[in-house]
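Asks: following is a predicted model, sequence given first.
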Amino acid sequence: MNIIDKRGTLAKHSSRTYRRRSRSAIRNIAIHHSATTTGSAEAFARYHVNELGWPGIGYHYVVDKDGNISRCHDLEVVSYHVGNSNGYAVGICMVGNFQTESLGETQRNATLELTKHLMSELGITVDNVWGHTEFPGYAWKPCPSINMNTFRNQLAEHGGSLPDGNIQAPTYVAGARQRTYLSRGDQGDDVQALQERLDRLGFMPGPIDGIFGPKTYDAVMRFQRAAGISVDGIVGPETRAALRDYEGEVEIIEHGSPTDEPDDNEEMFRSESRRMLRYIQPMMRGEDVSEVQQKVGAMVDGMYGTETAQKVRDFQSREGILVDGIVGPQTWRALDRTSSSRRPRYQRLLSLQTPYLRGDDVKQVQRALNVEVDGLYGPITERAVRNFQRREGITADGIVGRQTWARLFN
Ligand SMILES: [Zn+2]
């Protein structure tokens, strides 16, 4: 696996920055295509920053058709690519438009390798690798326009459901250079970005191969003439600025759009025990699935199948929230609200002790307070209880007695 580290070298906004998160907040890997036949991390970064006004490129990784992988951000960076799900997703973009062309073997394999590597590094299972269109609110978007079930099966075939000890460690090669002047004979990512730009502007620089040959040279001169700047076939600051501002172009770029930014309704998973659930192949399974099934009245078998998805849609429609059959933060919250009909019964006083108290009642408290649900009444839970008590205006002693219990579950 050949990873080119481009962190810190790509276009970024002069004042805006992406927020950061802890690695444990990451629950999904999102697969995209660029919806353009050519492209690069450099080109996407410029588009996202200059056209969309984003803090930086929207993707964490870009995989080109030759299987080269560009690393664009730390995993902790919350960049824009899946809207309100950005907070817990890592974005991989494959260069290409898979609505009109097919995904080649080399690129597919590189993307599979990268995904497996990330799954193992982040402890993410194959059923949490989703296409862009599989995220809440994106059913309309034809991204990545490949069969995600096939993709997941290929991940699983290669031992992807479990961390794989045999994954080849990534080798990082030197990052992309940002040279001030480009001229004949130069090679590299910046030359390729130049060729892409010339190509998009209609100056036909020849093959987009990162080599500044005669055709690129010729295209640069034609461009300089058209832009009314000095014609020398060398790309320096003046030509760069002209390339950036040149008008008369018709730019159609579909990768990354304003809808990939989070909106005011972004809700973060404060509880890390909660992943998003949806119907995919292979099916998602687990206790959280059973919990949802119980609450929406589906058959409880711990597997998120079509019946469960339908019951979730029915539930969402009754609740008046987005009907997509996906259990994301909003639906989890709605499920919590309705579960008060089977309100948990107070059993005992809960407080911080050594060893920590453990049990289902502790889990219920943790769920109600949106802290990690491990069933152990530790310091984090105690602090959350104190904060809750303070907000409620009752004695903030960090102990859950009858009064606090009643406040939590009524
Ligand atoms: Zn996408």
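Replies: Thanks, I have it. Residues are numbered from 1 along each chain as shown.

Asks: how far off centre is the helix or strand harbouring V90?
Replies: Per DSSP states H and E, V90 falls inside strand 89-94. Distance of strand 89-94 from the chain centroid (Cα atoms, centre = their mean, to the nearest Å) equals 6 Å.

Asks: immediately after it, which helix or strand?
Replies: helix 105-122.

Asks: what's the spacing between that following helix and its chain's center?
Replies: Computed by Cα atoms, centre = their mean, the chain-centroid distance of helix 105-122 equals 15 Å.

Asks: buried ones in that helix?
Replies: For helix 105-122, burial by neighbour count (16 or more other Cβ atoms under 10 Å) applies to 107-108, 110-120, 122. Glycine gets a C-beta too; all of them are placed from N, C-alpha and C.

Asks: what is the nearest of those to G87?
Replies: Minimum distance to G87 across the buried residues of helix 105-122 is 14.2 Å, recorded for L122 (Cβ to Cβ).

Asks: quote the end-to-end distance of stretch 316-328.
Replies: By Cα to Cα, to the nearest Å, the extent of stretch 316-328 from end to end equals 11 Å.

Asks: other residues contacting stretch 381-398?
Replies: 351-352, 362, 365-366, 369-371, 399-400, 403-404, 407-408 (Cβ atoms under 8 Å, 6 or more residues apart in numbering).

Asks: repeat that for 6 Å
Replies: For stretch 381-398, contacts defined as Cβ atoms under 6 Å, 6 or more residues apart in numbering pick out L352, Q366, L369, V371, V400, R407.

Asks: what helices and strands are in contact with the helix or strand L194 falls within?
Replies: According to DSSP H and E, L194 maps onto helix 189-200. Judged by 3 or more Cβ pairs under 6 Å, 6 or more residues apart in numbering; DSSP states H and E, helix 189-200 is in contact with helix 41-46.

Asks: 10 Å - rerun?
Replies: With contacts taken as 3 or more Cβ pairs under 10 Å, 6 or more residues apart in numbering; DSSP states H and E, helix 189-200 sits against helix 41-46, helix 214-227, helix 237-245.

Asks: could you give the number of residues near I399?
Replies: Residues within reach of I399, counting by other Cβ atoms under 10 Å, total 17.

Asks: that one and the ion, how far apart?
Replies: Noted for I399: a distance of 48 Å to the ion, by Cβ to the ion, to the nearest Å.

Asks: same check, this time on S79
Replies: As judged by Cβ to the ion, S79 and the ion stand 12 Å apart.

Asks: and for L75?
Replies: Note on L75: its distance to the ion, by Cβ to the ion, is 18 Å.

Asks: any idea which element W332 lies in?
Replies: Assessed by DSSP H and E, W332 sits inside helix 329-338.

Asks: avg pLDDT for that helix?
Replies: When pLDDT is averaged over helix 329-338, the result is 82.

Asks: for that helix, the distance to its chain's centre please.
Replies: Between the centre of helix 329-338 and the centre of its chain there are 22 Å (Cα atoms, centre = their mean).

Asks: domains in this structure, by residue range?
Replies: Using automatic domain parsing, the domain parsing of the chain gives 2-173, 189-245, 287-342, 360-409.

Asks: what residues are up against T106?
Replies: V63, D64, K65, D66, G67, N68 (Cβ atoms under 10 Å, 6 or more residues apart in numbering).

Asks: in helices, which of the residues you listed appear?
Replies: Counting by DSSP state H, no part of those is found in helices.

Asks: buried among these? Make that a PyMOL selection.
Replies: In PyMOL, this line selects whichever of the contacts of T106 come out buried by 16+ other Cβ under 10 Å:
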select buried, resi 63+64+65+67+68
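
Asks: beta partners for M303?
Replies: Going by DSSP bridges, M303 is paired in beta bridges with R285.

Asks: wait, it sits on Q293?
Replies: Yes - if you go by Cβ atoms under 10 Å, M303 and Q293 touch, sitting 8.8 Å apart.

Asks: of those two, who's got more company?
Replies: Taking M303 and Q293 together and counting by other Cβ under 10 Å, Q293 has the greater number of neighbours (22 against 17).

Asks: any idea how far that one lies from the ion?
Replies: 30 Å.

Asks: could you measure from that residue over to G87?
Replies: 26 Å (Cβ to Cβ, to the nearest Å).

Asks: what do you get for L75?
Replies: 13 Å.

Asks: return every residue with contacts to both of those two.
Replies: Overlap of the contact sets of L75 and G87 (by Cβ under 10 Å, 6+ apart) consists of R21, A25, I26.
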